[in-house]
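Participant: When you get a sec, could you give me coordinates for this:
(2 chains)
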Amino acid sequence: DAGIIQSPKHEVTEMGQTVTLRCEPIFGHNFLFWYRDTFVQGLELLSYFRSRSIIDNAGMPTERFSAERPDGSFSTLKIQPAEQGDSAVYVCASRWHNWGNEQYFGPGTRLTVT
Amino acid sequence: KQEVTQIPAALSVPEGENLVLNCSFTDSAIYNLQWFRQDPGKGLTSLLLIQSSQREQTSGRLNASLDKSSGRSTLYIAASQPGDSATYLCAVRKETSGSRLTFGEGTQLTVNP
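Facilitator: Numbers count the residues shown, from 1 in each chain, chains lettered A, B, ... in the order given. Below is the predicted model of the structure:
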């Protein structure tokens, strides 16, 4: 089975630019989660989807962050405009069904905003 | 290689009881340790983050302690409530910048009314 695919692996961008991160979950997984991982704050949930519907995006730090999952498969996380404080690893995870406890984590995208 | 173990795997208690969840890790060279709560159908909710230089952190009815030298952390939940029922995960981060979290397998807690 293919695992979660996140692209790009590394992204370096300048302040004010638009960043789009992509996640392809494990095939058939209905739930998809976006996390931000920083050395200082640890892993924090940003938002998550069930199929194509966003269930909770309360963890999004500002309105500059948005996530979509247009057809219920892949998802994108957009930061517009990017700020230096957004530098972190953005991790995608997925789960098959509602009652399962096990989440599968992607390798993450390391974002550096200069 | 870091290994994280949580004991017990499952715990069922009556409402109002104080309880302790345990987490142990094999490599004491950690940067921090994080406790999460996982509810069915939801993402991980961060409960407490303890830096390696700290001994404990408190948030409401939750208290987490860290003994880095012995490779152990405990999560203490006071006056448990049915709403505390969930799976509790601990995760450690190594002392290298950009390292990823290593998760335990979790303790499934049920608080009975």
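Participant: how about the residues of chain A that lie near chain B?
Facilitator: A:31, A:33, A:35, A:37, A:39, A:41-45, A:48, A:50, A:55-56, A:59, A:89, A:93, A:98-101, A:103, A:108, A:110 (CB under 8 Å from any CB of the partner chain). (Glycine included, C-beta is placed from N, CA and C.)
Participant: Any idea how far apart the tips of stretch A:4-13 sit?
Facilitator: One end of stretch A:4-13 to the other measures 24 Å (CA to CA, to the nearest Å).
Participant: Can you list the neighbours in contact with it?
Facilitator: Stretch A:4-13 is contacted by residues A:19, A:21-26, A:82, A:90-94, A:104-114 when judged by CB atoms under 8 Å, 6 or more residues apart in numbering or on different chains.
Participant: and the residue positioned nearest the centre of chain A, what helix or strand is that in?
Facilitator: For chain A, the residue nearest the mean C-alpha position is A:W34 (3.2 Å; CA atoms, centre = their mean). Secondary structure assignment for A:W34, by DSSP states H and E: strand A:31-38.
Participant: Tell me how far that strand lies from the chain's centre.
Facilitator: Centroid separation for strand A:31-38 versus its chain: 5 Å, with CA atoms, centre = their mean, to the nearest Å.
Participant: what do you get for stretch B:76-89?
Facilitator: 11 Å.
Participant: Then stretch A:29-43?
Facilitator: With CA atoms, centre = their mean, you get 7 Å for stretch A:29-43.
Participant: now stretch A:34-48
Facilitator: For stretch A:34-48, the distance to the chain centre is 9 Å (CA atoms, centre = their mean).
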